[in-house]
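J.: Would you be able to build a 3D model of this:
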Amino acid sequence: MPSRLSIACRAATIPALLWATVPSLAAVYSARCQFNDQAPMPCVVHAKPVPFGWTIQWQDGVVESYAHVGDGSALRDARGGLWRRSGDDQQELLRHANGNRIRIDYLP
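T.: Numbering: from 1, shown residues only. Reported below is the predicted structural model:
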């Protein structure tokens, strides 16, 4: 029969192991990102399967997170703004109702 200490150690280890594997589920993509008509700059896009969403890390230090809404053709930012998404394997275009847009060109 296992001791209470070994049961407690296993109980503490399992969530830690699960937590350690979650970041590996995120796909990381190098890209060039452009906000409106500003000059494009290097960025990194983290696509997370659970909860579904993205995080964009811009070279200038800005980090923005977006959560998928509905069927995935829309994303909601941290301030509640809704972005419409279109694109393919090589680029994404996000358009906000206020006219802002983000273009993401994935690097090979």
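J.: ok, now which ones touch the spatially most central residue of the chain?
T.: Taking CA atoms, centre = their mean, the centroid of the chain lies closest to residue 54, which sits 2.0 Å from it. Shown in contact with residue 54 (CB atoms under 8 Å, 6 or more residues apart in numbering): 45, 46, 47, 48, 65, 66, 75. Backbone N, C-alpha and C define where each C-beta goes, glycine included.
J.: Most widely separated two among these?
T.: In terms of CB to CB, these reach their longest pairwise distance at 46 and 75, which sit 13.2 Å apart.
J.: if you count what's nearby, which of the two comes out ahead?
T.: Ranked by neighbour count (other CB atoms under 10 Å), residue 46 and residue 75 place residue 75 first, with 24 against 16.
J.: The more buried one pairs with what?
T.: residue 68, residue 83 (DSSP bridges).
J.: OK, contacts around it?
T.: Residues in contact with residue 75 (CB under 8 Å, 6+ apart) are 53, 54, 66, 67, 68, 69, 82, 83, 85, 94.
J.: With residue 60 instead?
T.: Applying CB under 8 Å, 6+ apart, we find residue 60 in contact with residue 41.
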